[in-house]
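Trainee: next one to model:
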Amino acid sequence: MPGKAHSVSTERVRLRIRVEGIVQGVGFRPHVYTLARRLDLAGWVGNDPKGVFIEVEGLRAALDLFLGDLKGEAPPLAVIDRVATTVLPLTGDRGFHIADSVQDGSRRTSVSPDFGTCDDCLAELFDPADRRYRYPFVNCVNCGPRFTIVTRVPYDRSTTTMARFPMCGECAREFADPADRRFHAQPTCCPDCGPVLSYTVVDGADRQVLAQGEAALQRAVTAVRTGLIVAVKGLGGYHLAVGAEDEPAVRRLRDLKHREAKPFAVMVADLAAARTLAGLTSEAERLLADPRRPIVLVPRHAEALTAPSVAPGTGEIGLMLPYTPLHHLLLRETGPIVLTSGNISDEPIAFKDAEALNGLSSVADAFLTHDRPIHIRTDDSVVRIVAGRATPLRRSRGYAPEPLALSLQRPVRRAVLACGGELKSTFCMVQGDRAFLSHHIGDLENYETLVAFTEGIEHFQRLFGVVPEVVAHDLHPEYLSTKYAAELADVELAGVQHHHAHIASCLADNRERGPVIGVAYDGLGYGTDGTLWGGELLIADFTGYVRVGSLTPVPLPGGEAAIRHPWRMAAAYLAEMDLTHTPPVQHRHAADWDRVRALLKTPAHSPPTTSAGRLFDAVAALLDLHDTVAYEGQAAIALEQTADPTETGAYPAHIARGDPPSCNGNLPYPGPSLLLNGGELVRAVVEDRRTGTPPEAVAARFHNGLAALTVAACLRVHEASGLTTVALSGGVFQNRLLTDRLTDALRRHGLQVLTHHRVPPNDGGLSLGQAVIAARRHP
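Mentor: As a prediction, this is how the structure comes out:
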């Protein structure tokens, strides 16, 4: 026996190891190198378009430890999807090295998102004895730019926008030292060899660089302190910055940016500063401090010193912590700043220097910029805690392009591109068993945003080697995304119903396949019957759906005009319910009221809609919150903010039997379709307001009533179908009060509830749902 143990312990083995996932740009090759040297293994490690390849030879016991520690001690930013091993003949190698990257081959690697500055780099940034003291581009293998600077894979300095900056001798030494945390950190640089900060002013065609380096930073600090608007170049584009406590500066920014009321985000130096502005739960603090550094929507303190124009009409504020060294340097000296996307409203964020200097010069008084190019524009991510979990409202910087693992019955053989919808546009590519959901593009309503959309698709195709064979799109024929899909050559088109895509998105988000009871509440989506849906109950999986219920349809007076003017929806509901009481909203619009009521009789001018979002609009107008809106969802947000969370009363509403359910697929459903009477909720709102009930109680009773109505409908579908899982999706489920009420009640009745936590419930997640449906239907 001792002899056998000795033979096992001295057995030598050689393995080829393939590692896939986010393993490039996160220090994975240095990790492998250090691990192999520590265990006295021979061979090499390198990058190729599939990920990381390793050949390693040594004692079997050492290789067993190597394979365990490969994942167990992986760098913090690495995400390992798959490790495959193959036994090879021994070669007698000695020593271990990092091989040159390989450029060809099919692609399975994932590109790392951009991550906030790590603690080690922050310590260097503020250490007077460090050679990178106050250098605004300090980074290492654990932090800094990745996705926004990479031009193609495999990930090497030569395939990033840092290629133009040759490393100095000291940086090259760190880059080559396995013991250094900058070992093979591609964006490594210092004041001697890296990008340079500049403070620039623009006067027509004249551009003047007034300062560089530390002097540029100080000029920007002074500008912010004195009320000027400074355009600051970040990781994924330019932002416009002003002091968050400076009301005239914030008001001026609103005027110049043409952003009438939509809240601005505020960047603060640290968690201590955040606590002075908002009430933070432990989960909110975790999200703020996460390396992804999203904007987190949190309850604002009533006594917070931020300017009134930062977030008018809402009790919440969007906070974020610094995520680049430049931000850290600024915030140490300026205090809290408004930091909003560098664009004119409805345009995508500016990311190229020339377009920023030209396009933002009408807004910004000065530019704090630098000479490291941004390759792909990427806006900030936004999260909110809904139903007890972090829910992304915008998935972008820090998250994209991290792939989403899917639970499909089998990997996708034909690559899929899904084009999303119109608002909060994203696209999604599915290949194999992974989905690549894009960064936030914006509202796809103009040429500039369409350019950003197409540039993003082309970039993802280069990075991930996806050649789409199937292209999914919304059914709405006028969406630019639909028209883009129709113009593509040599692909199979797959039209996907809007609300089916929402439910599929929630399923994919939770790695479920269904079928489920799906509740899709949103603004509007094109229905298969030619009407505008938006308050839907479906039985759905990836193959199809049955429309088992909806809110009772009401006319949309004037079409899109009703979306911008919620008082029109109040008029529609009052007419549908034949209410004779004259509320204040009718007095305010007496001159137009009869004309709008007349429109209700003409379907061509007032198409029927089941939209839950428009129901919220009607109630907001009846509570005198918003007759018109400056941005999508403004009235619904105000209604949620008004509601008293301690109110337990709920308005009653009935469910009627509708027409036989409409099907798209082969899912069986023996029951009748259901009509949820949202108009009865409106009747109760009007009556309570007539008798003087406070708006806080009315708003809460409406939320509670809609939740109770929805639960009752879900229970009927559950009884008829036997399904025990409910998926909640659509923009209305950004509403924390409604989602919490609905989730709690459904769970009390023994049903499982799926909500979003990896992708947005709004149209930002729509493309994921389209993609998985198309993949399943067109295998």
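
Trainee: so who does the residue nearest to the spatial centre of the chain touch?
Mentor: Among the residues of the chain, the one closest to the centroid is R395, at 1.2 Å (Cα atoms, centre = their mean). Counting by Cβ atoms under 8 Å, 6 or more residues apart in numbering, R395 makes contact with S381, T426, L437, H439, H440, R758, V759, P760, G764, G765. (Glycine included, C-beta is placed from N, CA and C.)

Trainee: output those residues in JSON lines; the columns should cover neighbour count.
Mentor: Output for the contacts of R395, formatted as JSON lines (neighbours: other Cβ atoms under 10 Å):
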{"residue": "S381", "neighbour count": "24"}
{"residue": "T426", "neighbour count": "30"}
{"residue": "L437", "neighbour count": "31"}
{"residue": "H439", "neighbour count": "28"}
{"residue": "H440", "neighbour count": "29"}
{"residue": "R758", "neighbour count": "21"}
{"residue": "V759", "neighbour count": "26"}
{"residue": "P760", "neighbour count": "29"}
{"residue": "G764", "neighbour count": "29"}
{"residue": "G765", "neighbour count": "31"}
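
Trainee: burial of V141, as a residue count?
Mentor: 26 (other Cβ atoms under 10 Å).

Trainee: what distance do you get for it to A99?
Mentor: V141 is 18 Å from A99, where distance means Cβ to Cβ, to the nearest Å.

Trainee: what's the answer for D346, then?
Mentor: Relative to A99, D346 is positioned 48 Å away (Cβ to Cβ).

Trainee: E260 and S309 touch, don't they?
Mentor: No: assessed by Cβ atoms under 8 Å, E260 is found out of contact with S309, at 10.2 Å.

Trainee: return every residue with contacts to both of those two.
Mentor: In contact with both E260 and S309: R254, using Cβ under 8 Å, 6+ apart.

Trainee: more neighbours, these two?
Mentor: Using other Cβ under 10 Å, the more surrounded residue of E260 and S309 is S309, with 20 against 13.

Trainee: which SS class is the more buried one?
Mentor: What DSSP: H, G, I helix; E, B strand; the rest coil gives for S309 is coil.

Trainee: so where do the helices sit in the stretch 401-550 of the chain?
Mentor: In order along the chain, the stretch 401-550 of the chain carries the following helices (DSSP state H, counting those that start in this stretch): 447-464, 480-486, 498-509.

Trainee: and the contacts of the second one?
Mentor: If I follow you right, that is helix 480-486. Helix 480-486 has contacts (Cβ under 8 Å, 6+ apart) with 419-422, 425, 427, 444-445, 449-450, 453-454, 471-477, 493.

Trainee: try 7 Å
Mentor: Contact partners of helix 480-486, identified using Cβ atoms under 7 Å, 6 or more residues apart in numbering, comprise C419, G420, G421, E422, S425, L444, L450, V471, H473, D474, H476, L493.

Trainee: again with stretch 209-218
Mentor: Applying Cβ under 7 Å, 6+ apart, the set of residues contacting stretch 209-218 from outside is R134, V196, L197, S198, Y199, T200, V201, R219, L329, L368.

Trainee: got it, and stretch 293-309?
Mentor: With contacts defined as Cβ under 7 Å, 6+ apart, stretch 293-309 is touched by 116, 244-247, 250-251, 254, 265-266, 277-280, 284, 287-288, 311, 315-321, 323, 336, 380-384, 398.

Trainee: among these, which are in strands?
Mentor: A265, V266, E316, I317, G318, L319, M320, V382, V383, R384 (DSSP state E).

Trainee: please report how far the nearest residue to the third one once chain neighbours are set aside lies from I385.
Mentor: The shortest distance from E316 to any residue other than its chain neighbours is 5.0 Å, reached at L297 (Cβ to Cβ, 6 or more residues apart in numbering). As defined by Cβ to Cβ, L297 lies at a distance of 8 Å from I385.

Trainee: the two - which one has more neighbours?
Mentor: Between L297 and I385, counting by other Cβ under 10 Å, L297 is the more crowded of the two (26 against 17).

Trainee: pretty sure that one sits in a helix.
Mentor: No: under three-state DSSP, L297 falls outside any helix and is assigned strand.

Trainee: so who does S425 touch?
Mentor: S425 makes contact with I441, G442, D443, L444, F453, S481 under the criterion Cβ under 7 Å, 6+ apart.

Trainee: what's the neighbour count on the last one?
Mentor: Applying other Cβ under 10 Å, we find 26 other residues in the vicinity of S481.

Trainee: nearest residue to it in space, please, no chain neighbours.
Mentor: Spatially, and ignoring its direct neighbours in sequence, S481 is nearest to C419 (4.0 Å; Cβ to Cβ, 6+ apart).

Trainee: isn't that neighbour up against F427?
Mentor: Yes: with contact defined as Cβ atoms under 7 Å, C419 counts as touching F427 (5.6 Å).

Trainee: shared neighbours of those two, which are they?
Mentor: Common contact partners of C419 and F427 (Cβ under 7 Å, 6+ apart): S767.

Trainee: which SSE is N343 in?
Mentor: In this structure, N343 sits in neither a helix nor a strand according to DSSP states H and E.

Trainee: and it, what's its pLDDT?
Mentor: For N343, the model assigns a pLDDT of 91.

Trainee: swap in K4?
Mentor: On the pLDDT scale, K4 is placed at 41.

Trainee: cool, the one 10 residues further on as well?
Mentor: According to the model's per-residue confidence, R14 sits at a pLDDT of 94.

Trainee: and if you look at R748?
Mentor: R748 is given a pLDDT of 98.

Trainee: and for the one 5 residues further on?
Mentor: V753 is assigned 98 on the pLDDT scale.

Trainee: dump the ones in strands among the contacts of stretch 293-309 to TSV, plus pLDDT and neighbour count.
Mentor: Converted to TSV, the ones in strands among the contacts of stretch 293-309 look like this (pLDDT from 0 to 100; neighbours: other Cβ atoms under 10 Å):
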residue	pLDDT	neighbour count
A265	98	23
V266	98	27
E316	96	18
I317	97	24
G318	98	26
L319	99	27
M320	98	22
V382	98	22
V383	98	26
R384	97	21
